[in-house]
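J.: no sequence on hand, only this structure:
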């Protein structure tokens, strides 16, 4: 290939996707490539123009904007998981307090409470747009 080639990592950065996705593109034929070097030290090089063409075909998606949206969604997911964990701890405390004084009846009631709480959907965290 010529001097206008880039590595898989560089292509991933340019497209705003993971290296794994670039490998999928290569296997699917969406990107051309050439593997150079001896076995054990091979490099896969991709024409920079092909990466630019693919980026344009994908609607010119801005990698930085996509990463920012991904980071926002990851933060929202972490908040939801923290809320779920806090609720689980509260249920465990309630379950322990019900089981001790009432024996089998308390355990049954705690089980029902746990089932009821598991059916309650988590509140969606409000994330500013």
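T.: Thanks, I have the structure now. These numbers were taken from a predicted model, which means no experiment stands behind them.
J.: and the helices in the protein?
T.: For the chain, the helices identified by DSSP state H occupy 8-15, 19-28, 48-57, 63-102, 104-118, in order along the chain.
J.: can you flag the weakest of these by average pLDDT?
T.: If these are sorted by mean pLDDT, helix 104-118 sits at the bottom with a mean of 69.
J.: pull the contacting residues for the spatially most central residue of the chain.
T.: Nearest residue to the geometric centre of the chain (CA atoms, centre = their mean): residue 74, 7.1 Å. Neighbouring residues of residue 74 by CB atoms under 8 Å, 6 or more residues apart in numbering: there are none. From N, CA and C alone the C-beta is placed, and that goes for glycine too.
J.: okay, it and residue 81: tell me how far apart.
T.: The gap separating residue 74 from residue 81 is 10 Å, by CB to CB, to the nearest Å.
J.: residue 53 too?
T.: Between residue 53 and residue 81 the computed distance is 39 Å (CB to CB).
J.: and for residue 40?
T.: Residue 40 sits 42 Å away from residue 81, going by CB to CB.
J.: can you check residue 68 too?
T.: Computed as CB to CB, the residue 68 to residue 81 distance reads 20 Å.
J.: pairing partners for the longest strand seen in the chain, with directions?
T.: Ranked by residue count and defined by DSSP state E, the top strand of the chain is strand 43-47. Counting by DSSP bridges, the strands paired with strand 43-47 are strand 5-7 (antiparallel), strand 34-36 (antiparallel).
J.: what's the closest of those to residue 14?
T.: Between residue 14 and the strands paired with strand 43-47, the shortest separation by CB to CB is 7.1 Å, and it involves strand 5-7.
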